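**Q** Just a sequence and a predicted model for now, questions to come.
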Protein chains: 2
Amino acid sequence: MTTPLPPDATRTRLRNEPRILDAAENVFARHGYRGASVQAIAEAAGLPKSNVLYYVGSKRKLYVALLERMMSRWNAMLDDISVEDDPAEVLEAFIRSKMTLTRTHPEGSRLFAAEVLQGAPFLQEYLRGELRDWVRQRARVFEQWSERGLMDPVDPVWLIFLIWSATQHYADFEAQVLGITDRERLDDADYRSVTDFLCRVILKGCGVTPRGPQ
Amino acid sequence: MTTPLPPDATRTRLRNEPRILDAAENVFARHGYRGASVQAIAEAAGLPKSNVLYYVGSKRKLYVALLERMMSRWNAMLDDISVEDDPAEVLEAFIRSKMTLTRTHPEGSRLFAAEVLQGAPFLQEYLRGELRDWVRQRARVFEQWSERGLMDPVDPVWLIFLIWSATQHYADFEAQVLGITDRERLDDADYRSVTDFLCRVILKGCGVTPRGPQ
DNA sequence: GTCTATACGTGGATAGAC
DNA sequence: GTCTATCCACGTATAGAC
């Protein structure tokens, strides 16, 4: 038994791997899987091309690792809901947490968008499995709320897509948003404003009264 | 003066060019500018690679032509609005026409998405010029409606983004939508259902009463 | 662990035979 | 107008010197 953590060897790896992942997330997000080159990723990470391949094995493995990282962020965000919960509270938390994810991880959001845009070749299974189940479970609760008169009888799946798209937009179409609003970037106040707007319009649009029965 | 239209020469061009444009739209949409290869476009169009380049000149020119085609579809859809118009009518027409564009030209919508996703290198000018003006003009009318009490005082730009994102979603995230809803494709009834849902929720969410003052 | 050199495919684009 | 052959830059990936 020697030292459990060889200092230098793993040290450099621990320093370089995150750099590579972050650089790769950006490049893949902008140019898609095929359009991204290991060369470009290496430059963005400030490393030689061969080092990148040394650390991550292959372009494909790197891409998959990034998708998995994004999906784990996604999963960390979600918690289960039940019919007993307050619709207004749940819907608002749903919108806000999705918007936070968009904001804190715009590159990850764009990576996901690029993957789905190309037909989701790497995420087919996830979409048709885990994610579908998650949507169905949630949709069932929305329907029960409708039956109890706590919200309008809207299609729950379209509602989930509405929330996803409306929030996702500020990552995926950032260039458009910035171009039209004539900004360099969106700040705290902008995000607060957008999020409040979305909560307000979507909750009211579904006939959900914010907080408390009266 | 000879024949004004040389029959064979332009005939083949008229037959091949549309094929190339349609094939290219698909490939660019899925893989982005860099990720798309002339080879792949040629295969999709059923032509040799060199023929494609013969007709369109270069990959870059082809891409620009496609973006222009999409922007002209977009412009064809839009008409001006004034304060005197009925908010409900205008908003509903806005949502419906955008959804129709999404539906009739999903590849074009995805092409646009891929372009914006990579930072809109080819559309910067358009976004910061024409499109910004268009949004501002529209936003001004929304604001006036709010002042007159015809709708809630919501941020008009966020509202436009909401409509864009919610409709765009069904082209850009088609793979996700199909995966989750367990469908091969969305049919007429699905699109009607989604469009009605969006009109209902967004109009109600903005405090716009559908049709007629009372 | 790092980096240069290299193998070998594919990229966009063009020349020239037909 | 069509298509094969070809140019050269760049793509991923690996071998091997340090």
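**A** Right, received. Where do you want to start? Numbers count the residues shown, from 1 in each chain, chains lettered A, B, ... in the order given.
**Q** what's whichever helix in chain A runs longest packed up against?
**A** Determined from DSSP state H, the single longest helix within chain A is helix A:7-35. For helix A:7-35, the packing partners by 3 or more CB pairs under 8 Å, 6 or more residues apart in numbering or on different chains; DSSP states H and E come out as helix A:38-45, helix A:49-56, helix A:59-77, helix A:106-117, helix B:7-35, helix B:106-117. Every C-beta, even on glycine, is put in place using the N, C-alpha and C of the backbone.
**Q** Next, the angle from the longest one to helix B:59-77.
**A** If I follow you right, that is helix B:7-35. Angle, helix B:7-35 to helix B:59-77, by axes from the mean of the first three to the mean of the last three CA atoms, to 10 degrees: 100 degrees.
**Q** now do the second one
**A** Comparing the axes of helix A:49-56 and helix B:59-77 via the same axes, to 10 degrees yields an angle of 70 degrees.
**Q** and helix A:49-56, what's its mean pLDDT?
**A** The average of the pLDDT scores along helix A:49-56 is 95.
**Q** ok, the longest helix of chain A near DNA strand D or not?
**A** No - Helix A:7-35 does not reach DNA strand D (CB under 7 Å from any atom of the strand); its nearest approach is 8.2 Å.
**Q** Can you give me the buried ones in that helix?
**A** If you call a residue buried by 16 or more other CB atoms under 10 Å in any protein chain shown, then helix A:7-35 has these buried ones: A:16, A:20-35.
**Q** swap in stretch A:141-159?
**A** Neighbour counts over stretch A:141-159 (16+ other CB under 10 Å) mark A:141-146, A:150-151, A:154-159 as buried.
**Q** ok, now stretch A:176-189?
**A** Within stretch A:176-189, the residues that count as buried by 16+ other CB under 10 Å are A:176-180, A:186.
**Q** and the longest helix of chain A, how far from the chain's centre?
**A** Helix A:7-35 has its C-alpha centroid displaced from the chain centroid by 18 Å (CA atoms, centre = their mean, to the nearest Å).
**Q** which residue is nearest the centroid of chain A?
**A** By CA atoms, centre = their mean, chain A has its centre lying nearest to A:Ser109, at 4.4 Å.
**Q** shouldn't it be in contact with A:Ala171?
**A** Yes - contact criterion CB atoms under 8 Å: A:Ser109 and A:Ala171 qualify, at 3.6 Å.
**Q** what sits in contact with each of the two?
**A** Each of A:Thr102 lies in contact with both A:Ser109 and A:Ala171 under the rule CB atoms under 8 Å, 6 or more residues apart in numbering or on different chains.
**Q** gap between A:Leu78 and A:Lys98?
**A** 10 Å (CB to CB, to the nearest Å).
**Q** neighbour count winner among the two?
**A** With neighbours defined as other CB atoms under 10 Å in any protein chain shown, A:Leu78 and A:Lys98 compare such that A:Lys98 has more, 22 against 12.
**Q** What is the neighbour count of the spatially closest residue to the more buried one that is not a sequence neighbour?
**A** Spatial nearest neighbour of A:Lys98, excluding adjacent residues (CB to CB, 6 or more residues apart in numbering or on different chains): A:Thr167 at 4.4 Å. By the measure other CB under 10 Å, the count of residues near A:Thr167 is 24.
**Q** tell me the mean pLDDT for whichever strand or helix holds A:Thr167?
**A** According to DSSP states H and E, A:Thr167 maps onto helix A:156-172. For helix A:156-172, mean pLDDT rounds to 98.
**Q** now swap in stretch A:111-128 and tell me
**A** In this model, stretch A:111-128 has an average pLDDT of 98.
**Q** And it, end to end?
**A** 19 Å (CA to CA, to the nearest Å).
**Q** For that stretch, could you pull out the residues that count as buried?
**A** Residues A:111-120, A:122-123, A:126-128 are the ones in stretch A:111-128 that count as buried (16+ other CB under 10 Å).
**Q** can you give me phi and psi for A:Ser82?
**A** As for A:Ser82, its main-chain torsions (degrees, to the nearest 10) stand at phi -140, psi 170.
**Q** For the spatially closest residue to it that is not a sequence neighbour, give me the pLDDT.
**A** Excluding the flanking residues, the one nearest A:Ser82 by CB to CB, 6+ apart is A:Val141, at 6.6 Å. We have a pLDDT of 98 for A:Val141.
**Q** For A:Val141, which residues are in contact?
**A** By CB under 8 Å, 6+ apart, the residues touching A:Val141 are A:81-83, A:85, A:156.
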